[in-house]
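Colleague: Here you go, sequence then predicted model.
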Amino acid sequence: MTRPNGFETLLSPARIGSIGINNRIAMAPMSAPGIANLDGSPSEYYISFLEERARGGVGLIITGETVVDDGHRMISLGFHSRRMVSPYARLTEAIRTHGSKVFLQIAHPGGVCVRSMTGKQPVAPTSMKSPRYTETPRELSIGEIQAIIEKYVQTAYWAMEAGFDGVEMHAAHGFDLIGQFLSPSTNRRTDQYGGSFEGRIRFAEEIVRGVKNICGPDFPIGLKYNGYEAVDDGIDISLAKKIGQHMEEIGVDYLHVASMTFGLGGSEYPSVSPMYSKNGALIELAAEVKKGLKSIPVVGAGGINEPHLAERILKNREVDLLALGRAFFADPSWVDKVRSKRISSIRPCIRCNICHLKLFQNQLLKCTVNPFFGWQGKQEAIDKARQSKKVAVVGAGPAGVQAALVAEERGHDVTLYEQAEEVGGNLIPGSVPDFKADVRMLLQYYRQALLESSIDVKLGVEVSPTTIRDGDFDAVILAVGGSHIVPEVPGIDSESVVTASEVLDPHGNKDIGDEIIVLGAGHIGCETAWHLSLAGKSIKMVDIIDADQIIADDHLTNRTVLLKNLEMQGVQVLGNRALRELSGGNAIFETEDGRVETVNVDTVVLAVGFKPKKDIKEALGNILPDYCTYEVGDCARPGRLLEAIHSGKLAGGKI
């Protein structure tokens, strides 16, 4: 595939109605704890957060959902009084100062409201059970519907007064009342607000007409809605096209196409695409909607994190603008780096969905790859140290590289040692499967960052106490990782037993046969099993926990897509079994109820976790005092990639 050399289309201006936009990249609407004050107005954290992205060159910012009815607002923004024009004006001024346009996303959660947060029974088009609802909502009366329409319209007018360039109606993911009216799955009414396509769309139509009437025809209004819903009687692409055509006819200025799959088992068009799904998973839906329109622009989305892909989609006119969300958590300057052709310096979003997981845990956002995503909403600055020191970093995995980069930026003389012949640590085996392209981007980002730094990288060096003593170092950061946990059972030292890291070694060529048992069903086990199944191996994945509890703590979409692919590949998942012995080409397991099972196997792949490597720390002894020696990543405490990268940043900043 030949990639274009430039990004002319991505950086070209766009128009939404009467509004000119500097480029074709929008920041997608995202809500999170901490973005709103108690009254619903934008917090200083959120204003700083959005301003940082505007400073980074994004053409259009769409705010997180902003609820028009305070009685049904949970943790999101709210705009329900003219008294709130002033705080929102501070937000728009902060963004527009940097040349970005800003739209307010107007919303009402409807049936997805949670009584424990609002003190009220949720309301919806129809009183019915839905996989989207936590309880059965109360059906809205016609009078109540019309009162809510007025709230939408009034908030749009206040938004115009506050300096917003336009508004976007939220009807996506099943999380908003407009979408609940649009979808046959949640609207079973038989009056003028249901019963037919014309009835179901009336709620949205009256909001559009009201906004255009009070704000004027030149004030843009868009609709974010589903092109696919993973429920019975949900919106499909045919209905989505019909909705889009009708919206264009009544004066909507753009369409923003999403999906409703989160928590519903749908993996074809994931609403929050994980690293296991293709980039731009929803572009197909948006492109199909665009085919049925006359002229209004369509915004596409779906985990776009790579500029060349974005340029290709836009150049092919599949959509007119692209909405990026998580990519701006990873790197607020994404657009500016594209403009200045510093592509290799873009910190890539790997779509691990930790940020989205934090949202549902009601915690402030964190980004795995961006440890500088500060509590104040701005990128945390790296201050220069008072005194330059000689620093040794031992281990060039993600924790070690991040520590070395921060220490160097603080002004220290840094030497990075790595026993292997290449930089990356566990990012190397972790990026081998075809479905881990996002992690390969992160690996390349770190390697390029080292090339552009003044860090002295020494590969193929096994560090000893003499290395540290002769180097006359002032501080040492140990980032040597962990070692695979090996169960203590008879036969475990057989040549037929390998680790997941060995199986995923890009330079390895060991013949492991066809009948494979992957021992351990965490992330490493699941990914290894999937990878080997794609190579035509017959896989049984075995764990001591119940099969239903496999990676239960992961983001729901990640888990859904990963387990769905294992199922499609025919991987057998066997829970509640403990390995007792390996003997004569057989693995012997004991089940929870005491039964013994014997399974024929060519190779057992160990993926039961890691334990910290402490041998180097112990060997160093008292060469340096404890306060000059730091442990980061898995050698301190085995964890996720987030903990490795963030611990490296913290250690590098302490010296």
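Modeller: On my side now, so go ahead.
Colleague: Not counting sequence-adjacent ones, nearest residue to Val231?
Modeller: Ser185 (4.8 Å; C-beta to C-beta, 6 or more residues apart in numbering). Yep, even glycine has a C-beta here, placed from its N, CA and C like the rest.
Colleague: where do the strands sit along the stretch 201-350 of the chain?
Modeller: Listed in chain order, the strands of the stretch 201-350 of the chain (DSSP state E, counting those that start in this stretch) span 221-229, 254-260, 298-300, 321-324.
Colleague: Direction included, what does the third one pair against?
Modeller: Same thing as strand 298-300. In the sheet, strand 298-300 lines up against strand 254-260 (parallel), strand 321-324 (parallel) (DSSP bridges).
Colleague: what does it rub up against?
Modeller: With contacts defined as C-beta atoms under 8 Å, 6 or more residues apart in numbering, strand 298-300 is touched by 26, 222, 224, 244, 254-257, 280, 282-283, 286-287, 289-290, 313, 318-323.
Colleague: Quick one: residues contacting the residue nearest in space to the middle of the chain.
Modeller: Per C-alpha atoms, centre = their mean, the C-alpha nearest to the average position across the chain is that of Asn353, at 3.3 Å. By C-beta under 8 Å, 6+ apart, the contact set of Asn353 is Val272, Pro274, Arg326, His555, Thr557, Asn558.
Colleague: pLDDT score for the residue of the chain most remote from its centre?
Modeller: Farthest-out residue of the chain from its mean C-alpha position, per C-alpha atoms, centre = their mean: Gly584, at 45.1 Å. Looking at Gly584, its pLDDT stands at 89.
Colleague: Distance check, it against Ser333.
Modeller: According to C-beta to C-beta, to the nearest Å, Gly584 and Ser333 sit 59 Å apart.
Colleague: Quick check, Val571 in contact with Ala529.
Modeller: Yes: Val571 is in contact with Ala529 according to C-beta atoms under 8 Å; the separation is 5.0 Å.
Colleague: shared neighbours of those two, which are they?
Modeller: Counting by C-beta under 8 Å, 6+ apart, the residues touching both Val571 and Ala529 are Ile539, Met541.
Colleague: These two: which has the busier surroundings?
Modeller: A direct count of neighbours by other C-beta atoms under 10 Å for Val571 and Ala529 places Ala529 higher, at 30 against 22.
Colleague: Which of the three states applies to that one?
Modeller: helix (DSSP: H, G, I helix; E, B strand; the rest coil).
Colleague: Let me see the contact set for it.
Modeller: Shown in contact with Ala529 (C-beta under 8 Å, 6+ apart): Val518, Ala521, Ile539, Met541, Leu566, Val571.
Colleague: cool, Lys358 as well?
Modeller: Ala32, Pro33, Leu364, Leu365, Lys366.
Colleague: Tell me which two of these sit farthest apart.
Modeller: Pro33 and Lys366 (11.4 Å; C-beta to C-beta).
Colleague: just to revisit the earlier point, can you flag the buried ones in the contacts of strand 298-300?
Modeller: Among the contacts of strand 298-300, those buried by neighbour count (16 or more other C-beta atoms under 10 Å) are 26, 222, 224, 244, 254-257, 280, 282-283, 286-287, 289-290, 313, 318-323.
Colleague: follow-up on the earlier one: which one of the strands paired with strand 298-300 lies nearest to Val476?
Modeller: Of all the strands paired with strand 298-300, strand 321-324 comes closest under C-beta to C-beta, at 39.1 Å.
Colleague: Please list the residues outside that closest one that contact it.
Modeller: With contact meaning C-beta under 8 Å, 6+ apart, strand 321-324 is reached by 10, 14, 16, 21, 24-29, 58-60, 62, 254, 256, 297-301, 304-305, 310, 313-314, 334.
Colleague: Mind checking which of those land in helices?
Modeller: Among these, the members found in helices (DSSP state H) are Ala310, Ile313, Leu314, Trp334.
Colleague: rewinding a little: so for Ile545, which of the strands paired with strand 298-300 sits nearest?
Modeller: Comparing the strands paired with strand 298-300 by their distance to Ile545 (C-beta to C-beta), the top pick is strand 254-260, with 30.5 Å.
Colleague: Now do that closest one and strand 221-229, the angle between them.
Modeller: Strand 254-260 and strand 221-229 are oriented at 30 degrees to each other (axes from the mean of the first three to the mean of the last three C-alpha atoms, to 10 degrees).
Colleague: hey, C-alpha coordinates of strand 254-260 in CSV?
Modeller: Extracted as CSV, the C-alpha positions of strand 254-260 are listed here (Å, rounded to 0.1, in the frame of the first residue of the first chain):
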residue,chain,number,x,y,z
TYR,A,254,-24.1,18.0,9.4
LEU,A,255,-24.4,14.4,10.5
HIS,A,256,-22.0,12.7,12.9
VAL,A,257,-22.4,8.9,12.6
ALA,A,258,-21.8,6.6,15.6
SER,A,259,-23.0,3.2,16.8
MET,A,260,-24.7,1.6,19.8
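Colleague: now it: mean pLDDT?
Modeller: 97.
Colleague: Can you give the distance of that strand from its chain's centre?
Modeller: Relative to its chain's centre, strand 254-260 lies at 18 Å (C-alpha atoms, centre = their mean, to the nearest Å).
Colleague: Please apply the same query to stretch 393-409.
Modeller: 24 Å.
Colleague: check contacts around the residue nearest to Asp232 when sequence neighbours are not counted.
Modeller: Using C-beta to C-beta, 6+ apart and skipping the chain neighbours, the partner closest in space to Asp232 is Ser185 (6.4 Å). Contact analysis of Ser185 by C-beta under 8 Å, 6+ apart lists Ser130, Glu229, Val231, Asp232, Asp233, Gly234, Ile235.
Colleague: again, only this time at 7 Å
Modeller: Glu229, Val231, Asp232, Asp233, Gly234 (C-beta atoms under 7 Å, 6 or more residues apart in numbering).
Colleague: just the buried members of the residues you listed?
Modeller: For those, a burial check counting by 16+ other C-beta under 10 Å picks out Glu229, Val231, Gly234.
Colleague: Switch the residues you listed over to a markdown table; also include pLDDT and distance to Leu450.
Modeller: Listed next are the buried ones among the contacts of Ser185 as a markdown table, based on pLDDT from 0 to 100; distance: C-beta to C-beta, whole Å:
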| residue | pLDDT | distance to Leu450 |
| --- | --- | --- |
| Glu229 | 95 | 45 |
| Val231 | 94 | 48 |
| Gly234 | 95 | 48 |
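Colleague: Fine, thanks again, bye for now.
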